[in-house]
Structure formats: C-alpha cells, structure tokens
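Asker: I need the structure of the sequence given here:
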Amino acid sequence: MQLIIGVVCMAMIANLQYGWTYFVAPMAKANSWDVAGIQVAFSIFVALETWLTPLEGWIVDSLGQRGPKLMVAAGGILVAIGWLINAKAGSLEMLYLGAVVSGIGAGGIYATCVGNSVKWFPDRRGLAVGLTAAGFGAGAAVTVIPIQHMIASIGYADTFFWFAIGQGAVIFAVAWVLRPPVPGEVPTGSAVKVLQSRNSSTPGQMLASPVFWLLYIMFILVSASGLMVTAQIALIAKDYGVSQTVILFGASTLIVAGVIDNLANGGARPFFGWVSDQIGREYTMAIAFTAGGVAYWLLGTAGTTPWTFVICAALIFFTWGEIFSLFPSTCTDMFGPKYATTNTSLLYTAKGLSAFVVPLANILKTHTGSWYAVFAVAAIMNFIVVAMALFVVRPMRISISASENKATVGHAHPAQ
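Answerer: Okay, the predicted model is just below:
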C-alpha cells in the first residue's frame, strides 16, 4: 500500500515536468514571449523541485510517523497553486512565480515518496525506488493526449487550471495513508545481492565522503543530457519538420512520441532498478548509459523522419529515466536507510544544477544552426559517466566495503 500510494503521488506531479513541453509554444504565441525566456521557468521549477528536497527530507525524517503524510499533503496544495498561477500569468515574472511554488511542492512529494520506498524495501531497493520513480516518469503518458487536445480546444490557461485542481486534489486525498516503517516491520535484507553498508551515515558524514561527490557529478552529467531533450522534444520535432505528421491511428508524430517516451521513461526505472538488484548498480549504469550515448547520436544523425524520430527519442527516454532509481538506491546502499530521505534528497539536488543546461542547449542550437552539436555533447556526457562508474566508483565502494568488514562492530564507518 505504501508503494502504491507513492507511485500515485508521483504520477500526479509528472505533468509538472513532462507535460511542460506542450505548453511552451502556445504560451509563446499567445503572449509573444521568447521561448528561451519561457524555458527559464522550467529551469526554476526543476531547481526548486530539487534544491529544497534536503530540507524537506530532513523535515520528513524529523517528524517521524507524521512526516510523510504532512509533507505530501502540503505538497499537493502547493502544486495546485503553482499551476493556478501559470493559468493566470500575464508576464514571465508571474510564470516564474508559478514555477517557484510548484517546484517547492513537487520536491516535497518526490523526496518523501523516494525516501519512503528505500526504507520499506531494503532487499529490493532498486526495484522499489524504480517503481516509485516510474510514477513520475510514466505518469504523464496517460495525459499527453488530453493535455494537447485541451490546449487546442480551450487554450493553455484553462488546461493549466483544470489539471491544477485535479492533480492537487488526488495528492491531498491519498497523502494521509503514507508513513515510514516501524522497527521490525521491514525485511532483514539477508538476501541482498549488492554492496550495502552495515551502518547509516548522517547527512554530514555522507557529505564528507568522496564517493558521494563522485555520484553527484555523475548525476549532473546524465541528468543534464536528459533534460536537454525532455524539455525540448516538441521543438526538436518541429525543427525536424515531423511534429504534425500523422503516423498512427490519426495521431501525429509528436503525440505518438509523447506517449511512447513517457512509457519508456517510466518503464526504465523499475526495469533497470531490478537489474541493478541482480548484477550491481555500477554495471547497470554502464549498460544503460552506454546505450544512452548511442541513442543521442542516433537522434542527431538518423532521427529526422517521423518513425526514426519516435524510436530514437524513446531510446533516449528509456536510457535516461533510470538515474532516478539507480542513484537513490546506490546512495542508500552506501550510506544506510536511517537518514535516507535526507541523504537521497541531497544527491537529488544535482538534478537542479543540471536544469540550467537546458537554456544553454537552445543557445548551442542557435549558434550551430542544428541540434547535432547538442546531441553530440549529450552522448559524450553519458560515456564519461560509464567510465566513472566502472573505473572509479565501483573500486572505491569495494574498498570501503572490505575495510568495513575488517573493522570491529562499533568502529566501522561507511563514510570514510
């Protein structure tokens, strides 16, 4: 039940990020706003959705049994208010305010649901956080068509309004079921197949660990490459001249890509989370991010026809979304479950930094005259992370685990 409620809450905030791209062009046309200026709102949203999560996670951990329900209920109210502001925004500044409010609310929900999932399932941590994060990745898939139809029929402002009411109400209603496990309520983790610390590090101890900062850099690189595409997919399709081409059951390339991309993004999270439970986090990262680098290159070189665009974009989403299961589970394996909501939130702030690469992608595209350079940079970012996972992080984690096993109980320290 805890897992299901977490997935539902994550699905209800998915449109705040993955539905955004469909509002950009209508807002630009209706208000004569510059697209790059509108996309600053996206960057603000992602930054606040991530950067405040350590504080929100600390509040949840501090409040004990009441923490998850109170944080998620408050988050539901804030995400509704944020999109209501978007609906009424008559200036870019007002749009930025909406991004601030919705970002704070979405971050509280995201941090709480991910933190709850890694605490409840120590033996299947990758799969559990993957399913939870899948709600955020795939949740927008079922609303891609309604959002685009509503924007076309009643306008973007009214679409913001009605989705604000619906999404906020669902989150607020189900939030009151959430709670963390009590001692003795979760599996012992005796069947765990991956490296896990025997101790729980405080946030301060974790921040003193070199492994944390390596994971942080890796997260930034992969997240930035993915956000450059997820925020721009409608614009890329338009520039390629394929966005309105009807390809399946009367649906355009952009609509088909929107559905498939969100399903791929969501499906990647439990799939690669499950794989990482079996073969280890770093090996799974190497497989996924190698495929991701190839996918960016393919979209830049072969994605200019309707169906190749859909396929290449789907592969990008499938090899990007799993960072939201692999990194939280790796973090909790390394630094323990006691402070997991706060610790995974500190790592998640890397996504906020990566968001500011999105407008730079527009600048690079304008400077070079095509999207090819953007995709080349994204591919290189992924290949760098593969090398870091295999040749830096994994040897360090093996060394730490070995020293921990040698140490006497009471002297083992996972952050050293």
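Asker: averaged pLDDT, the longest helix belonging to the chain. What do you get?
Answerer: Ordering each helix of the chain by length in residues (DSSP state H) puts helix 92-120 first. Mean pLDDT, helix 92-120: 94.
Asker: for stretch 36-46, same thing?
Answerer: pLDDT averaged over stretch 36-46 gives 89.
Asker: go ahead and name everything in contact with it.
Answerer: 16-17, 20, 24, 27-28, 92, 95-96, 98-100, 102-103, 106, 227, 231, 351-352, 354-356, 358-359, 362-363 (Cβ atoms under 8 Å, 6 or more residues apart in numbering). Quick note: C-beta positions are derived from backbone N, CA and C, even for glycine.
Asker: just the buried residues from those, in ChimeraX please.
Answerer: Applying 16 or more other Cβ atoms under 10 Å to the contacts of stretch 36-46, the buried members can be selected in ChimeraX as follows:
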select :16,17,20,24,27,28,92,95,96,98,99,100,102,103,106,227,231,351,352,354,355,358,359,362
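Asker: quick one, what contacts residue 63?
Answerer: Taking Cβ under 8 Å, 6+ apart as the test, what residue 63 contacts is 70-71.
Asker: per-residue pLDDT, it?
Answerer: Taking residue 63 on its own, its pLDDT is 91.
Asker: quick one: secondary structure of it?
Answerer: helix (DSSP: H, G, I helix; E, B strand; the rest coil).
Asker: check the one 4 residues further on too.
Answerer: Reducing the assignment to helix, strand or coil with three-state DSSP, the entry for residue 67 is helix.
Asker: identify the residues contacting it.
Answerer: Counting by Cβ under 8 Å, 6+ apart, residue 67 has contacts 59-61, 112, 180, 341.
Asker: for the residues you listed, work out which two are farthest apart.
Answerer: 59 and 180 (13.0 Å; Cβ to Cβ).
Asker: more crowded one of the two?
Answerer: residue 180 (23 against 18; other Cβ atoms under 10 Å).
Asker: and that one, what does it touch?
Answerer: 64-65, 67-68, 116, 119-120.
Asker: pretty sure residue 237 contacts residue 309?
Answerer: Yes - here residue 237 reaches residue 309: they are 6.3 Å apart, a contact under Cβ atoms under 8 Å.
Asker: skipping adjacent residues, who's closest to the residue nearest the centre of the chain in space?
Answerer: Taking Cα atoms, centre = their mean, the centroid of the chain lies closest to residue 324, which sits 5.3 Å from it. Nearest residue to residue 324, sequence neighbours excluded (Cβ to Cβ, 6 or more residues apart in numbering): residue 133, at 3.9 Å.
Asker: neighbours of residue 3, how many?
Answerer: Using other Cβ under 10 Å: residue 3 sits among 18 other residues.
Asker: ok now do it, which residues does it touch?
Answerer: 117, 120-121, 128, 131-132.
Asker: pull the CA atoms of stretch 21-29 into CSV?
Answerer: Taking C-alpha atoms only, stretch 21-29 is exported to CSV below (Å, rounded to 0.1, in the frame of the first residue of the first chain):
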residue,chain,number,x,y,z
THR,A,21,6.8,21.0,-23.3
TYR,A,22,3.3,21.1,-24.7
PHE,A,23,2.5,24.4,-23.1
VAL,A,24,5.7,26.2,-24.4
ALA,A,25,4.7,27.0,-28.0
PRO,A,26,1.1,28.1,-27.1
MET,A,27,2.4,30.4,-24.3
ALA,A,28,5.0,31.9,-26.7
LYS,A,29,2.4,32.5,-29.4
